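S.K.: what follows is a predicted structure for the sequence shown.
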Amino acid sequence: GPDPNENPTNIKLLTDANAKQIRIYSGTTFDISRDFGTTHTGKIYLRDTPFSGDTVNLLYNAMQRAKMYLANGVKVTLWIQLYTDRDKNGTKLAKGKTIGADGLRSPEEFKQWYATLAKAQISINDSTKVTDVINAFEIDNEPNLLKGQYWPNVSAKGTSQQQQIDNNINSYIDHDLVPAYSVFSKIGKTVIGAGLATGTATDYDELNGTDNPTGSRYLQYSMNCDLMNFHPYGTIGTTSTPDAKVQAFIGQMYKDPKVTNKFVITEFSVHDLLHNVVDIDPSDQTAAANFQRAAYISELNEAQNYLVNDPTAKKKLSTIYYFTLLTQKDDRDTHTDGVVYALPDSTTYQTTVFYDVFKDWAMGI
């Protein structure tokens, strides 16, 4: 999962656990002039200027970390995320506000941005190319959510919920995925499509156009990425399990024999939606806390066992990314399952119960 720190401890935890890849986050408004500069010799490089309100430039910072991970034998998937809470100039919108359809750049602007990234070196003083430190590019995230977190809601007021989801998915495909794939496929770099937030059968049909084989959107997703993707979050103590959601995804996405891509899961976990099942603070070693952790791990292991042993899932699944590596103290209401636990003073240490299960998975135990 995303790792916002350049902490060598995190690298050691990953390598000791035999982790093969890490997914790191970067945000952008797809503004070429803001994200890139040109040296006096004509070389394109990533600028390090933070956006207003940020302490670091996440895209620039991600490249420095990617080089560090790669040097330690861990491949890097870069999640490239459109900032939906900033306008085209990078100005932060009012709290709770996100851009709409008029805040999106054109597909051609997205394409030119990706083409520039593909040529760029990771900093003005480091000639290492972006494409040399990134193993795969994940293009945005969960466009079927309708609160504008990851993709702007492009529909007019009064549009039905399902039509809003359909419009968002198609807007994402047209503006972002198709342009990205047109650039990276030509240079042999792996493209991962955005993972839906679970999704329904109708969402999957719209995503890949398989409900209308004669339509213009037929196979629009699978033909414009190397690896399909989705996020099968489960809910603790219910029948809504990750393995059940994977079965539904496989059944729907692969019902058309022309779909031959493998898929990845770039976020894998189970959640308690009330956020009160697991107190991850390692200092809490009460019997109640340990009992809850054990129940959590049991459900995680059940889902993981299905993913790596079911013949159909095993044949079609490429990679699983456990979410999340790093949990901040102030994130405990949303991420209760971090392998590394970070205090406000930036001290980090492993959360033994989650680290151990993650290591067992990575070691094939």
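M.R.: Good, I have the coordinates.
S.K.: ok, longest helix in this structure?
M.R.: helix 287-309 (DSSP state H).
S.K.: quick one: distance of that helix to the chain centre.
M.R.: 23 Å (CA atoms, centre = their mean, to the nearest Å).
S.K.: could I get the phi/psi values of Leu317?
M.R.: Torsion angles at Leu317 (phi, psi; degrees, to the nearest 10) stand at phi -90, psi 130.
S.K.: mind checking how far it is from Asp310?
M.R.: Note on Leu317: its distance to Asp310, by CB to CB, to the nearest Å, is 9 Å. Every residue, glycine included, has its C-beta placed from N, CA and C.
S.K.: report how many residues lie close to Arg47.
M.R.: 16 (other CB atoms under 10 Å).
S.K.: for it, list the residues it contacts.
M.R.: By CB atoms under 8 Å, 6 or more residues apart in numbering, Arg47 lies in contact with Arg34, Asp35, Phe36, Gly37, Asn57, Tyr60, Ile124.
S.K.: mind doing that once more with 6 Å?
M.R.: Gly37 (CB atoms under 6 Å, 6 or more residues apart in numbering).
S.K.: leaving aside the residues adjacent along the chain, what's closest to Lys359?
M.R.: Closest residue in space to Lys359, ignoring its immediate chain neighbours: Ala17 at 3.9 Å, by CB to CB, 6 or more residues apart in numbering.
S.K.: now the element after the longest helix of the chain, going C-ward?
M.R.: helix 311-316 (DSSP states H and E).
S.K.: surely Leu219 forms part of a strand?
M.R.: No: residue state for Leu219 (DSSP: H, G, I helix; E, B strand; the rest coil) corresponds to coil; a strand is not indicated.
S.K.: for the residue nearest to Lys359, give its distance to Gln81.
M.R.: Taken as CB to CB, the span from Ala17 to Gln81 is 26 Å.
S.K.: in a strand, Gln81, correct?
M.R.: Yes: the assignment for Gln81 by three-state DSSP puts it in a strand.
S.K.: count of neighbours near it?
M.R.: The burial count for Gln81: 22, using other CB under 10 Å.
S.K.: check contacts around it.
M.R.: Counted by CB under 6 Å, 6+ apart, Gln81 has contacts Gly27, Asn141.
S.K.: tell me where this protein has helices.
M.R.: 8-16, 32-35, 58-71, 107-119, 130-133, 161-172, 178-184, 201-208, 242-253, 287-309, 311-316, 352-363.
S.K.: now tabulate these in CSV and tack on mean neighbour count and mean pLDDT.
M.R.: Shown next, in CSV, are the helices of the chain (neighbours: other CB atoms under 10 Å; pLDDT from 0 to 100):
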stretch, mean neighbour count, mean pLDDT
helix 8-16, 16, 75
helix 32-35, 15, 96
helix 58-71, 20, 93
helix 107-119, 19, 98
helix 130-133, 19, 98
helix 161-172, 19, 97
helix 178-184, 22, 98
helix 201-208, 21, 96
helix 242-253, 19, 92
helix 287-309, 16, 81
helix 311-316, 13, 91
helix 352-363, 18, 80
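S.K.: using a markdown table, please lay out the ones you listed together with distance to Val154.
M.R.: Shown next, in a markdown table, are these (distance: least, CB to CB, whole Å):
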| stretch | distance to Val154 |
| --- | --- |
| helix 8-16 | 37 |
| helix 32-35 | 23 |
| helix 58-71 | 24 |
| helix 107-119 | 13 |
| helix 130-133 | 29 |
| helix 161-172 | 5 |
| helix 178-184 | 16 |
| helix 201-208 | 14 |
| helix 242-253 | 23 |
| helix 287-309 | 33 |
| helix 311-316 | 31 |
| helix 352-363 | 37 |
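S.K.: what's the closest of the ones you listed to Arg23?
M.R.: helix 58-71 (10.4 Å; CB to CB).
S.K.: helices and strands around the closest one, which ones?
M.R.: Helices and strands touching helix 58-71, by 3 or more CB pairs under 6 Å, 6 or more residues apart in numbering; DSSP states H and E, are strand 21-28, helix 130-133.
S.K.: rounded mean pLDDT for the first one, please.
M.R.: Just to be clear, that refers to strand 21-28. In this model, strand 21-28 has an average pLDDT of 92.
S.K.: against which helices or strands is it packed?
M.R.: Going by 3+ CB pairs under 6 Å, 6+ apart, strand 21-28 lies up against helix 58-71, strand 75-82.
S.K.: check contacts around Ala197.
M.R.: Ala197 touches Glu142, Asn144, Leu145, His231, counting by CB under 6 Å, 6+ apart.
S.K.: what's the span of stretch 102-112, first residue to last?
M.R.: Across stretch 102-112, the terminal residues are separated by 19 Å (CA to CA, to the nearest Å).
S.K.: ok, residues contacting it?
M.R.: If you take CB under 6 Å, 6+ apart as the criterion, stretch 102-112 is touched by Phe30, Asp174, His175, Asp176, Pro179.
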